[in-house]
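Peer 1: have a look at this fold, sequence not included:
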């Protein structure tokens, strides 16, 4: 690993943000680990204590564009540069698309989509000035193939960030800035336990959304992937000579994405009917 690099990681107090922070710090690079309430994050204090001088812990609520700018400025003021931005902050909701409250829908889009955009916009002037850098967007298998009834709203946010970052990659590649969209499957993070759940009201959804919730609640956590191994895979991809635009992580993600894309290709072939030109 290039230990001169500086990584800015959002949502670093838990999940993939915490795992990537540990992986990068273990390799000797410098990390700006951000969280909405860093004073409550014992793991971040321990990380900073274990790597003195190389870890900066700071506050960042990604829904606040000004805080995003402040975090980037603090990064450059402290370490002199910014090389890798990991957009990890986000969360999930579960419920029938018809029944999830409007307020909950808008809140998750504010964090998962507009929060990512805030961080990207704050970081890009620095990366453009350096003519180098990399943006890592933590998406989900749900950003390609919505995996279950009840996850439609969450999947919509991940589809949105996938489109945002795919378009961004084409805008900035000539400037020496890369983009990687990470698409994890099921991992041993706090994602499932922290899902905001809207209980099913209409019995029409009992066979789909309610049944899917029951299956999710009964999943054996021992089958989940190891987030630390996934973090190592993410870091290796970013540090590689040719980082990928998309990085599915976990066998379940690879299988689900392959099934989705195979089905799309079959439908494309089936309905590829020539259309006569107008006139």
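Peer 2: Nice, I can see it. Quantities reported herein were computed from a predicted structural model and do not represent experimental measurements.

Peer 1: show me where the stretch 51-200 of the chain has helices.
Peer 2: Assigned by DSSP state H, counting those that start in this stretch, the helices in the stretch 51-200 of the chain fall at 65-79, 102-109, 116-130, 152-172.

Peer 1: between those, which one is closest to residue 229.
Peer 2: Ranking the helices of the stretch 51-200 of the chain by proximity to residue 229 (CB to CB) places helix 152-172 first, at 21.6 Å. Bear in mind the C-beta positions are built from the backbone N, C-alpha and C, glycine included.

Peer 1: got the contact list for that closest one?
Peer 2: Helix 152-172 is contacted by residues 87, 90, 92-95, 97, 100, 104-105, 108-109, 112-113, 116-117, 120, 124, 127-128, 135, 137, 139-140, 142-144, 146-147, 178-179, 181, 245 when judged by CB atoms under 8 Å, 6 or more residues apart in numbering.

Peer 1: in its sheet, what does the longest strand that the chain contains sit against?
Peer 2: Ordering each strand of the chain by length in residues (DSSP state E) puts strand 177-184 first. Strand 177-184 sits in its sheet next to strand 133-138 (parallel), strand 246-249 (parallel), going by DSSP bridges.

Peer 1: now, of these, which is deepest in the fold?
Peer 2: Burial among these, expressed as mean neighbours by mean count of other CB atoms under 10 Å, is greatest for strand 133-138, which shows a mean of 25.

Peer 1: now the residue nearest to the spatial centre of the chain: closest residue in space, sequence neighbours ignored.
Peer 2: Central residue of the chain (CA atoms, centre = their mean): residue 138, 1.8 Å from the mean position. In space, residue 138 comes closest to residue 88 once its chain neighbours are excluded; the distance is 4.4 Å by CB to CB, 6 or more residues apart in numbering.

Peer 1: now do the same contact list for the one you found.
Peer 2: 9-12, 15-17, 20, 138.

Peer 1: where's the dip in pLDDT among those?
Peer 2: Of all these, residue 15 carries the smallest pLDDT score, 90.

Peer 1: the residue nearest to that one when sequence neighbours are not counted: neighbour count?
Peer 2: Of all residues not flanking residue 15 in the chain, residue 189 sits nearest, at 4.0 Å (CB to CB, 6+ apart). Residue 189 is flanked by 19 other residues according to other CB atoms under 10 Å.

Peer 1: before we move on, the earlier item: can you put the helices of the stretch 51-200 of the chain in a markdown table and add mean pLDDT and distance to residue 38?
Peer 2: Formatted as a markdown table, the helices of the stretch 51-200 of the chain follow (pLDDT from 0 to 100; distance: least, CB to CB, whole Å):
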| stretch | mean pLDDT | distance to residue 38 |
| --- | --- | --- |
| helix 65-79 | 98 | 11 |
| helix 102-109 | 97 | 21 |
| helix 116-130 | 98 | 16 |
| helix 152-172 | 98 | 24 |
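
Peer 1: for residue 212, which of the ones you listed is the nearest?
Peer 2: Of all the helices of the stretch 51-200 of the chain, it is helix 152-172 that lies closest to residue 212, at 10.7 Å by CB to CB.

Peer 1: in that closest one, what's buried?
Peer 2: Across helix 152-172, burial judged by 16 or more other CB atoms under 10 Å covers 152-162, 164-165, 168-169, 172.

Peer 1: which ones are touching residue 189?
Peer 2: By CB under 8 Å, 6+ apart, the neighbours of residue 189 are 14-16, 19, 224, 227.

Peer 1: let's see if you can find the most crowded of the residues you listed.
Peer 2: Highest neighbour count within those: residue 16, with 27 neighbours (other CB under 10 Å).
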